[in-house]
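In: okay, predicted coordinates and the sequence, questions at the end:
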Amino acid sequence: MIHVYLDDFRRCPEGFVHARNAEECIALIASEDIGILSLDFDLGWGQPTGLEVARHIAESGRYPQETYLHSSSTEGRQMMYKLLSDSLPAGSRLSYASMPEETLARAAGGGAADAASIQEKNG
């Protein structure tokens with residue numbers, strides 16, 4: 001099980017795989033079990049957003065154990081939250097807020113990687 005941090009700009013916290021775009025994040029969700037996922041909305045001008053990742057999760061049913069929304073875009077955060085909460089399975093946690101310090105500390109024990117190295121490993 002891995003933890004994934006989707007963001008094109010911010011530094012990835014320790015213990016997370018850094019997905020820099022929606023495509024990388026969707027590939028990780030499709031191929032790995034995700035413990036903690038933290039989503040940004042805006043991922044660069046003209047690029048797919050975190051909403052595409054949220055849509056993939058909702059359609060595939062591959063919900064992480066915990067999902068946090070760290071986007072500074074209020075509208076983007078609201079759209080992702082609505083989409084994910086509409087089909088959130090029992091046992092999965094969804095937070096409108098960024099990860100609390102205790103979650104970051106818990107994840108830091110797992111080591112870090114980037115999406116490319118995970119995808120290489122999986123072939």
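Out: Ah, there it is. Quantities reported herein were computed from a predicted structural model and do not represent experimental measurements.
In: for the rest of this, base every contact and every neighbour count on C-alpha atoms.
Out: OK.
In: where do the helices sit along this protein?
Out: Ranges of helices within the chain are 22-31, 50-60, 74-85, 101-108, 115-122, based on DSSP state H.
In: using CSV, lay out these together with distance to Ser95, mean pLDDT and mean neighbour count.
Out: Putting those into CSV (distance: least, CA to CA, whole Å; pLDDT from 0 to 100; neighbours: other CA atoms under 10 Å) gives the following:
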stretch, distance to Ser95, mean pLDDT, mean neighbour count
helix 22-31, 18, 99, 19
helix 50-60, 13, 99, 19
helix 74-85, 8, 98, 17
helix 101-108, 12, 94, 13
helix 115-122, 23, 57, 13
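In: Serialize the ones you listed to TSV and add fields for distance to Asp8.
Out: Below are the helices of the chain laid out as TSV (distance: least, CA to CA, whole Å):
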stretch	distance to Asp8
helix 22-31	9
helix 50-60	11
helix 74-85	15
helix 101-108	19
helix 115-122	12
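In: for those, which one sits closest to Arg11?
Out: The closest of the helices of the chain to Arg11 is helix 101-108. By CA to CA, the value is 13.0 Å.
In: any idea how far the closest one is from the chain center?
Out: Taking the mean of its C-alpha atoms, helix 101-108 sits 15 Å from the chain's own mean (CA atoms, centre = their mean, to the nearest Å).
In: ok, which of the helices of the chain comes nearest Tyr5?
Out: Closest among the helices of the chain, once you apply CA to CA, is helix 22-31, at 8.3 Å.
In: any idea of the angle that closest one forms with helix 50-60?
Out: Relative orientation of helix 22-31 versus helix 50-60 (axes from the mean of the first three to the mean of the last three CA atoms, to 10 degrees): 20 degrees.
In: so which elements touch helix 22-31?
Out: If you count contacts as 3 or more CA pairs under 8 Å, 6 or more residues apart in numbering; DSSP states H and E, helix 22-31 packs onto strand 2-6, helix 50-60, helix 115-122.
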